[in-house]
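> Give me the fold of what follows.
(2 chains)
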Amino acid sequence: GAVVSQHPSWVICKSGTSVKIECRSLDFQATTMFWYRQFPKQSLMLMATSNEGSKATYEQGVEKDKFLINHASLTLSTLTVTSAHPEDSSFYICSARGGGEGEKLFFGSGTQLSVL
Amino acid sequence: GENVEQHPSTLSVQEGDSAVIKCTYSDSASNYFPWYKQELGKGPQLIIDIRSNVGEKKDQRIAVTLNKTAKHFSLHITETQPEDSAVYFCAVSFGNEKLTFGTGTRLTIIP
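Numbers count the residues shown, from 1 in each chain, chains lettered A, B, ... in the order given. Take a look at the predicted model:
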């Protein structure tokens, strides 16, 4: 299957700082990328959908100004958590669709964010 | 919107036995049904998927069955091994629209 690379795998930051997470499709062009958030022992919660070159579509209840998503190329999407606070601590996972795989969605390895 | 229910939430199986996880969905228009395996601290890994024009699909020890009429689909793992221990998620979508995930099943294989 297609490979999606996500970095960093974990990050610790101070409250009030911003954190950027990168998601890259390594061997295919991702027409659509999705960003999820996952709390311990819970399912994946979709935050936003991004298509290359256009603005991201955010799910209800997700703050656009808090979670900035940029999908500047067909192989790279970034999620920036701005002015992070402890309640933003979570496991963030990106996923990508494309490369002739139809509906198949491939996930990155996730980023554990801890805000002190 | 789509609603996906997944059962059981936890499942313990003796090594070598079979495990079955079931999901039901609400939107009859949904036509894509993947299953993901997630190990601790990692992202979900696609293990098998099925489309609505197929009733069953098998890949070695893993199989998925779909009943469109009843709107449910199941994951079957045979000859379970310790490395099968993980959390399994079902998901549902219509075409290339967003996936709706089930609540997950924590599968433990007892050696």
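> lowest-pLDDT helix or strand in chain A?
strand A:67-73 (a mean of 91; mean pLDDT, DSSP states H and E).
> by contact count, what packs against that one?
Contact partners of strand A:67-73 among helices and strands, from 3 or more Cβ pairs under 8 Å, 6 or more residues apart in numbering or on different chains; DSSP states H and E: strand A:30-38, strand A:44-51, strand A:76-81. C-beta here means a position set from N, CA and C on the backbone, and glycine is covered the same way.
> Point out the most buried one among these.
Among the helices and strands packed on strand A:67-73, strand A:30-38 has the highest mean neighbour count (mean count of other Cβ atoms under 10 Å in any protein chain shown), at a mean of 23.
> and residue B:14, what is it in contact with?
By Cβ atoms under 8 Å, 6 or more residues apart in numbering or on different chains, the residues touching residue B:14 are B:80, B:109, B:110.
> partners of it in the sheet?
Beta-bridge pairing of residue B:14 under DSSP bridges involves residue B:110.
> picking that back up, okay if I get the helices and strands packed on strand A:67-73 as JSON lines plus mean pLDDT?
Listed next are the helices and strands packed on strand A:67-73 as JSON lines, based on pLDDT from 0 to 100:
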{"stretch": "strand A:30-38", "mean pLDDT": "93"}
{"stretch": "strand A:44-51", "mean pLDDT": "93"}
{"stretch": "strand A:76-81", "mean pLDDT": "95"}
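> okay, residue 104: pLDDT?
As the question left the chain open, I've gone with chain A. At residue A:104, the model reports a pLDDT of 89.
> That was the other one, I meant chain B.
For residue B:104, the pLDDT comes out at 97.
> what's the answer for residue A:1, then?
Per-residue confidence (pLDDT) for residue A:1: 65.
> Chain A contacts on chain B?
Neighbours of chain A within chain B, by Cβ under 8 Å from any Cβ of the partner chain: B:32, B:34, B:36, B:41-46, B:49, B:51, B:89, B:91, B:93, B:95-96, B:98-99, B:101-104.
> Drop anything exposed from those.
B:32, B:34, B:36, B:42-44, B:46, B:49, B:89, B:91, B:93, B:98-99, B:101-102, B:104 (16 or more other Cβ atoms under 10 Å in any protein chain shown).
> give me the element whatever residue of chain B ends up closest to chain A is part of.
Of all residues in chain B, residue B:43 sits closest to chain A, at 3.8 Å by Cβ to the nearest Cβ. Under the criterion DSSP states H and E, no helix or strand holds residue B:43.
> And the pLDDT at residue A:100?
On the pLDDT scale, residue A:100 is placed at 78.
> Residue A:21 versus the closest residue to it other than its chain neighbours, what's the distance?
Using Cβ to Cβ, 6 or more residues apart in numbering or on different chains and skipping the chain neighbours, the partner closest in space to residue A:100 is residue A:28 (7.5 Å). Between residue A:28 and residue A:21 the distance is 20 Å, computed by Cβ to Cβ, to the nearest Å.
> and those two? which has more neighbours close in?
Using other Cβ atoms under 10 Å in any protein chain shown as the criterion, residue A:28 and residue A:21 rank with residue A:21 on top: 23 against 19.
> got a list of what the more buried one touches?
So, once contact is read as Cβ under 8 Å, 6+ apart, residue A:21 ends up touching A:6, A:7, A:8, A:11, A:78, A:79, A:80, A:81, A:92, A:94, A:111, A:113.
> near chain B, from the residues you listed?
Answer for these near chain B (Cβ under 8 Å from any Cβ): residue A:6.
> Got the phi and psi for the residue in chain A that chain B sits nearest to?
Nearest residue of chain A to chain B (Cβ to the nearest Cβ) works out as residue A:107 at 3.8 Å. Reported as degrees, to the nearest 10, the phi and psi values for residue A:107 are phi -110, psi 150.
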